[in-house]
Each structure stands twice: as C-alpha cells, then as structure tokens.
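1. coordinates only, no sequence provided:
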Ligand code: FES
C-alpha cells in the first residue's frame with residue numbers, strides 16, 4: 001500500500017497532538033508515553049473535524065482527545081468515546097509506519 005509522509009517524528013511532542021490535512025483526508029496524531037496514535041479527524045457524532053484551533057485535539061489535561069464541537073471525550077489509546085453525545089462510538093484509526101524518523105500514513 002502507498003505510504004505518505006505526514007511529518008518528522010521530532011515535530012510531535014509527547015502529550016500533544018498534531019493535525020494533518022492531506023490529499024488522503026484529515027488525520028491527527030497523538031503521542032502519549034512514547035506511543036504514537038493516528039486517527040482520522042472525523043468526530044463520530046456529526047462527522048466533522050474535532051478541532052477548532054490548529055492542533056488542539058486534547059482536553060486541558062492532555063489526558064483525553066476532546067471534540068471541540070460538543071465536548072465528546074475519547075481515550076487516546078483506543079479512540080473510544082468515553083463521554084459525550086457519541087459515547088460508545090470510536091474514532092477511526094489510520095494505518096501508519098515510522099520510517100527513518102518520519103511518520104508515514106499508509107493508505108490506498
Ligand atoms: S461533533 Fe464531535 S461531539 Fe458533536
């Protein structure tokens with residue numbers, strides 16, 4: 001499957017998120033405790049992007065992913081909505097690889 005470079009890993013800080021608007025769609029990455037997670041930037045509630053401000057995908061504590069529209073909260077590790085109007089739904093994970101310190105989206 002084709003791979004597309006999203007960014008250098010150095011551009012991602014642990015405990016923070018970064019959004020990508022790419023020809024393959026909108027995505028965001030989160031690093032937590034050294035693990036990288038990549039999701040499609042689509043809230044399961046209304047199908048809209050999660051952020052109102054650039055790269056703002058997390059709650060104030062940086063513990064959960066938060067949708068800016070209606071406040072839905074999602075687990076960083078699984079994407080499961082833990083609270084809010086889409087509780088029980090899940091963000092869609094995106095496939096990725098890390099090559100030569102670059103975050104690569106894997107998408108057809
Ligand atoms: S659009 Fe995300 S919680 Fe409503």
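-> Received it, and whenever you're ready, just let me know what you need. Predicted model, so just to flag it, every value in this text is computed and none were measured.

2. just the pLDDT for the residue nearest in space to the middle of the chain.
-> Centroid-nearest residue in the chain: residue 28, 3.3 Å away (criterion: Cα atoms, centre = their mean). Looking at residue 28, its pLDDT reads 98.

3. which elements pack onto the top strand by length along the chain?
-> Longest among the strand segments of the chain by residue count, using DSSP state E, is strand 25-32. Judged by 3 or more Cβ pairs under 8 Å, 6 or more residues apart in numbering; DSSP states H and E, the packing partners of strand 25-32 are strand 3-8, strand 17-22, strand 35-40. (Glycine included, C-beta is placed from N, CA and C.)

4. ok so, going back, surely the residue nearest to the centre of the chain meets residue 56?
-> No. Checked against Cβ atoms under 8 Å, the pair residue 28 and residue 56 is beyond contact range at 9.8 Å.

5. what residues do the two have in common as contacts?
-> residue 17 (Cβ atoms under 8 Å, 6 or more residues apart in numbering).

6. I'd like the average pLDDT over stretch 92-108.
-> The average pLDDT within stretch 92-108 is 96.

7. run through who's touching it.
-> 1-10, 12, 20, 22, 24-25, 27, 29, 36-40, 42, 79.
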